[in-house]
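*Asks:* sequence first, then the predicted structure:
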Amino acid sequence: MRFAWVGVHAEGIPALDALLTEGVPIVGVLTLRPDLAIKRSARGEYEPLCARHGVPLYHIANINEPEALGILKLLEPDVAIVVGWHHVVRSEALRLARIGMIGAHASLLPHNRGSAPINWAVIRGERETGNTLYWLAEGGDAGDIIAQTAFPITPYDTCATLYEKVAESNKSMLLRVVPRLMAGERPGQPQPPTDEPVLPRRRPADGCIDWDRPSRTVYDFIRALTRPYPGAFSSLGGRRWYIWEAALPPTGTGTGAPGTVLGPIVSPDEHACGQLVACGDGAVTVLAVSNDDGAELRGPALSDQPWRCLRWQDG
């Protein structure tokens, strides 16, 4: 058996490292060119890992372009594992893996097919998500399911902590599945039918906060878009600010016009920790922000800002 690996995001690193450590015959790794990878959120560092294990690393622009197709032909993989990639793999590339290509999608397919499933799940206030290994096929996120792992979305999770769970489940599922492949099996079950629409792609401009929404919705929006993603943002005093951390105060804490800064917050141990901001229903405590120049404020530096009665606006 010959395996190839295709990936750019950090969610694939633990799984690839584990497979190589176990001696799985991965004959080559394809990742995005550095000049293109730098534009991707949550990109992983594949160079040190491949160098440590002595695996050839190939930099490509698109898995469907002639250069990448030529590399796949050269590698002659029986199975290609595509984890943390950002292009839909087209039929010409799919045909270059003798048995097939395995993908990972950060949801419990067929629920939340499409782009940014973790971010959308948190934005929508969902309380559970998961990860799916499946055979890539024409149609996007539609192939037979090989394995799934479910996990809760707690009130304290962010997109970053959930992708840590995705990365761990990539590793555990692949460590179970690869020995079956090497034994000649091709596990998989068809996905159940669904009328659920495909999730749309998210762009940095989609991070503008709507303070008219309820506090829980605003809180979910902020934690869904925090680092390593571009961040939720709004403007205050004529400047755009990115809000990286927030908390929900007790119900009934603070009222005012949506977006109004109600004043600094002091924790029970008398440490200044942020600013209270009114929402359409309730309020959120803003804990960490950075401006459009990159300067970050948190703790006392944020609480000391003379923002009381100022109003956050659309960014």
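*Replies:* Structure's in. What do you need? Please read these numbers as outputs of a predicted model, since none were measured by experiment.
*Asks:* every contact and neighbour count from this point should use C-alpha atoms.
*Replies:* OK.
*Asks:* and the helix or strand encompassing Val166, what's buried?
*Replies:* Val166 belongs to helix 159-182 when assigned by DSSP states H and E. Buried residues in helix 159-182, counted by 16 or more other Cα atoms under 10 Å: 159-160, 162-163, 165-171, 173-175, 177-178, 182.
*Asks:* which residues does Thr226 contact?
*Replies:* By Cα atoms under 8 Å, 6 or more residues apart in numbering, Thr226 lies in contact with 158-160, 232, 243-245.
*Asks:* residues in contact with the helix holding Val166?
*Replies:* So helix 159-182 is in contact with 1, 10-16, 18-19, 104, 106, 118-119, 122, 130-131, 133, 147-149, 151, 153, 186-187, 223-228, going by Cα under 8 Å, 6+ apart.
*Asks:* take these and keep only those in helices.
*Replies:* Among the contacts of helix 159-182, DSSP state H puts 13-16, 18-19, 118-119, 122, 223-224 in helices.
*Asks:* out of those, who's nearest Gly70?
*Replies:* Within those, the smallest distance to Gly70 is 22.3 Å, found for Leu16 (Cα to Cα).
*Asks:* and the closest one, how many neighbours?
*Replies:* 26 (other Cα atoms under 10 Å).
*Asks:* with Glu138 instead?
*Replies:* With other Cα under 10 Å as criterion, Glu138 counts 12.
*Asks:* so what's the residue nearest to Asp78 when sequence neighbours are not counted up against?
*Replies:* Nearest non-adjacent residue to Asp78, counting by Cα to Cα, 6 or more residues apart in numbering: Arg98, 4.5 Å away. Arg98 makes contacts with 76-79, as judged by Cα under 8 Å, 6+ apart.
*Asks:* go on, Glu76?
*Replies:* So Glu76 contacts 2, 96-98 (Cα under 8 Å, 6+ apart).
*Asks:* redo those residues as TSV? Include secondary structure.
*Replies:* Formatted as TSV, the contacts of Glu76 follow (DSSP: H, G, I helix; E, B strand; the rest coil):
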residue	secondary structure
Arg2	coil
Leu96	coil
Ala97	coil
Arg98	coil
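*Asks:* could you identify the buried members of those?
*Replies:* Applying 16+ other Cα under 10 Å to the contacts of Glu76 flags 2, 96-97 as buried.
*Asks:* for the stretch 51-200 of the chain, which segments count as strands?
*Replies:* 57-60, 79-82, 100-105, 128-135, 145-152 (DSSP state E, counting those that start in this stretch).
*Asks:* could you list the domains of this protein?
*Replies:* Following automatic domain parsing, one gets these domains for the chain: 3-182, 204-303.
*Asks:* averaging pLDDT over each of these, which comes out lowest?
*Replies:* Looking at the domains of the chain, the lowest mean pLDDT belongs to domain 204-303 (a mean of 93).
*Asks:* now do the same end-to-end measure for it.
*Replies:* One end of domain 204-303 sits 27 Å from the other (Cα to Cα, to the nearest Å).
*Asks:* returning to what we had before: list just the nearest of the contacts of Arg98 to Val284.
*Replies:* Val79 (47.7 Å).
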